[in-house]
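>>> following is a predicted model, sequence given first.
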Amino acid sequence: MRSISTCLSRFIKPGLTAVLFALPGLVKAQDVFKEFPDLFTVPESYVVKYVKQAPVIDGNIEDAIWQQAKWTKDFQDIEGRLKPRPPLQTNVKMLWDDSCLYVAARIKDPHVWATLKHHDDIVYHDNDFELFIDPNNSTHKYFEIEVNALNTIFDLFLTKPYRNNGAAVTGWDTHGLRSAVKVQGTLNDPSDTDQGWTVEMAIPFKAIAGGFNRAVIKDGTLWRINFSRVEYDTKVQNGKYVKLKDNAGHDLPEHNWVWSNQGLINMHYPERWGYLLFSDHKADDVKFEMPYAEEQKKYLWLVYYKQKQWYKDHHEYHTSLKDLGIEDNITVTGNTNGLKLEATPHQFIAYISDAKTNVTYTIDQDGLVQLQIIPKTP
């Protein structure tokens, strides 16, 4: 939303306020999302570069292959503007080849510790690094991989988000995953000050884009992805790191620092994740531009959030866009679109269609986003 507000602020001066009335479409488009300001900020984006030689997965992220990739900006609090910037730095960089997505992370931390050692232990009970991937950009059938400083992996497949009663399939494994961790300091030793720890991963495409919906990764492929760092406040007790507790004896809540902020404390809003654009050009030659379809889908998410709020208040879904405060004819990046809602008390589906092409996207009560081609009526 920054571009509209920034442009308008240049003109809000005495004697020039009439400019606002000359731009009613812009003002109206801005206002329609104001009920959920932190759920409609622009996600981060990353152009991932193709390489012919894969990095060695040994935890060392200083080798020559990795110098071809750019670091992301520093991680921020999961709630974005609602919270201060994290005191400890975290960054990620990525590369790809014909078989894998490669991820490197640097995690600054003066006190590196980890306790969990078995595959599929609940790794986020330690300080950890996490990644989330939605290859189909549908918010359903996505993947989560977590790792701690012992290189213990917890990987799972989500049928759909928890908010929609999705199931976490912890028995799923990222077949062929290779990972390595290197500690810049001494693990589990409070007597010294560490610099942090680094992570490398090679994630096979066939592990997360297989089955009947197998995707072909090529120049221009677009995924949704996000990264999270879980960090607990600790103290030293009997020569060991111990989590701080509240007055009731419970662990204090963890800090959640992420690449692209969620706008709330919940990583399982895949529509809030960042954009990963695969490129076989030099990464510096390609700039991410928000696809038209993603601008259209914002209106579907507006319907979804409003319907969920209505259901919370009234125990049923609404049947009218107008009564939800949403117009059925809208302009998206200069293109005329129509919105339609079909609903019963316990389910709904919303449609947005480009008036010229009739290309249509839908969203339902479970937040499933799909592309539909609906023939024009003669």
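Done, it's in.
>>> distance of Tyr304 relative to Thr186?
48 Å (C-beta to C-beta, to the nearest Å). All C-beta spots, glycine's among them, are computed from the backbone N, C-alpha and C.
>>> between those two, tell me which one has more neighbours.
Tyr304 (22 against 12; other C-beta atoms under 10 Å).
>>> ok, the more buried one - contacts?
Ala350, Ile363, Gly367 (C-beta atoms under 8 Å, 6 or more residues apart in numbering).
>>> do Lys93 as well
Ile61, Trp66, Ala69, Lys70, Trp71, Thr72, Val103, Ala104.
>>> the residue most central in space within the chain and Glu144: what is the separation?
Centroid-nearest residue in the chain: Trp273, 1.7 Å away (criterion: C-alpha atoms, centre = their mean). Remark: distance between Trp273 and Glu144 (C-beta to C-beta) = 11 Å.
>>> which stretches of the stretch 251-378 of the chain form helices?
292-314 (DSSP state H, counting those that start in this stretch).
>>> so where is it shaky, pLDDT-wise?
Filtered on pLDDT under 70, the stretch 251-378 of the chain yields the residue ranges 373-378.
>>> quick one, strands of it?
Taking DSSP state E, counting those that start in this stretch as the test, the strands found in the stretch 251-378 of the chain are 255-258, 274-279, 329-332, 335-344, 347-354, 359-364, 369-373.
>>> Pro55 is nearest to which of these?
If you check each of these against Pro55 by C-beta to C-beta, strand 274-279 wins as the nearest, at 16.7 Å.
>>> check which helices and strands that closest one is in contact with.
Here strand 274-279 touches strand 45-50, strand 222-231, going by 3 or more C-beta pairs under 8 Å, 6 or more residues apart in numbering; DSSP states H and E.
>>> ok, the last one: who's next to it in the sheet?
Based on DSSP bridges, the strands next to strand 222-231 in the sheet, each with its direction, are strand 128-134 (antiparallel), strand 255-258 (antiparallel), strand 274-279 (antiparallel).
>>> contacts only, for Ile265.
Contacts of Ile265 by C-beta under 8 Å, 6+ apart are Ile78, Glu79, Asn256.
>>> okay, now Gly334: neighbour count?
By other C-beta under 10 Å, the residues close to Gly334 number 7.
>>> Asp38 too?
Neighbour number of Asp38 under other C-beta under 10 Å is 14.
>>> before we move on, what about the one 5 residues further on?
Using other C-beta under 10 Å, Pro43 has 19 neighbouring residues.
>>> okay, now the unreliable bits of the stretch 1-150 of the chain?
Ranges of the stretch 1-150 of the chain meeting pLDDT under 70: 1-30.
>>> would you map the helices across it?
Along the stretch 1-150 of the chain, the segments classed as helices by DSSP H, counting those that start in this stretch run 2-9, 18-21, 24-31.
>>> quick revisit: now do the shared contacts for Trp273 and Glu144.
Between them, Trp273 and Glu144 share the contacting residues Phe132, judged by C-beta under 8 Å, 6+ apart.
>>> where do the strands sit along the stretch 51-200 of the chain?
Counting by DSSP E, counting those that start in this stretch, the stretch 51-200 of the chain has strands at residues 76-77, 90-96, 100-108, 128-134, 142-147, 153-158, 168-169, 178-184, 196-204.
>>> save those strands as TSV, and put in distance to Met267 too.
Shown next, in TSV, are these (distance: least, C-beta to C-beta, whole Å):
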stretch	distance to Met267
strand 76-77	13
strand 90-96	15
strand 100-108	16
strand 128-134	6
strand 142-147	8
strand 153-158	10
strand 168-169	12
strand 178-184	19
strand 196-204	17
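>>> not counting sequence-adjacent ones, nearest residue to Met290?
Val42 (7.3 Å; C-beta to C-beta, 6 or more residues apart in numbering).
>>> how close does the one you found get to Phe143?
Val42 is 24 Å from Phe143, by C-beta to C-beta.
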